[in-house]
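J.: Below are the sequence and a predicted model for it; my questions follow.
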Amino acid sequence: MEVYTGRIVLYGVLAGVLSGMLGIGGGIVLVPVMVSLLGLSQHEAHATSLAVIIPTAAASALVYGLHGQLDFSVAAMLTAGSVVGAAVGSRWMSKIPAAQLKRMFGVFLALVGLRMVVGG
């Protein structure tokens with residue numbers, strides 16, 4: 001069990017580094033890891049990822065804020081909308097079959113990746 005726990009922590013470190021460095025939500029890394037390597041269901045992985053994002057985002061935001069790179073006004077407005085959107089999205093997610101949710105997540109990742117490679 002100790003090796004398994006160490007591996008989970010290592011995945012968390014990887015997600016945290018990518019989140020802090022690239023400004024991504026850890027879910028881009030964590031959801032595929034939890035489903036493929038840890039055996040969680042798609043729904044469990046999405047929910048667990050959201051719980052992990054809270055302290056990860058807070059730690060990153062604190063460091064960026066200390067370096068004067070955080071726009072508090074924009075963050076507050078986006079937070080207000082995101083809280084409402086997250087509540088709606090999580091209710092919808094619970095009604096979507098796992099296979100469809102996995103495809104939707106994959107398409108989302110592909111579109112975001114394509115957009116970043118093509119430019120914009």
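T.: Ah, there it is. Predicted model only: the values in this text are computed from it and were never measured.
J.: Just list the residues touching residue 50, thanks.
T.: For residue 50, the contact set (CB atoms under 8 Å, 6 or more residues apart in numbering) comprises 27, 86, 90. No exception for glycine: its C-beta is placed from N, CA and C like everyone else's.
J.: swap in residue 37?
T.: Residue 37 sits next to 7, 11 when contact means CB under 8 Å, 6+ apart.
J.: Helices of the protein, residue ranges please.
T.: 2-22, 27-36, 42-66, 72-93, 98-118 (DSSP state H).
J.: Mind listing what's buried along the shortest one?
T.: Under the neighbour-count criterion of 16 or more other CB atoms under 10 Å, helix 27-36 has 27, 28, 29, 30, 31, 32, 33, 34, 35 buried.
J.: Among the contacts of residue 50, find me the one that's closest to residue 54.
T.: residue 86 (10.9 Å; CB to CB).
J.: Just give the number of residues close to the closest one.
T.: 12 (other CB atoms under 10 Å).
J.: Please apply the same query to the one 5 residues further on.
T.: A count of neighbours around residue 91, defined by other CB under 10 Å, yields 9.
J.: which stretches of this structure aren't confidently modelled?
T.: Counting by pLDDT under 70, the chain contains low-confidence ranges at 1-3, 120.
J.: Next, name the residue at the spatial heart of it.
T.: residue 27 (2.5 Å; CA atoms, centre = their mean).
J.: quick one, what contacts that one?
T.: 46, 49, 50, 53.
J.: between those residues, which has the most around it?
T.: Neighbour max across these (other CB under 10 Å) = residue 46, 24 neighbours.
J.: How about the contacts made by that one?
T.: 27, 31, 93, 101, 105.
J.: is it true that residue 104 touches residue 96?
T.: Yes: under the criterion of CB atoms under 8 Å, residue 104 makes contact with residue 96 at 7.3 Å.
J.: which parts of stretch 81-99 are buried?
T.: Neighbour-count burial for stretch 81-99 flags residue 93 (criterion: 16+ other CB under 10 Å).
J.: Provide the contact partners of that stretch at residue level.
T.: Identification of contacts with stretch 81-99 by CB under 8 Å, 6+ apart yields 41, 42, 43, 46, 47, 50, 101, 104.
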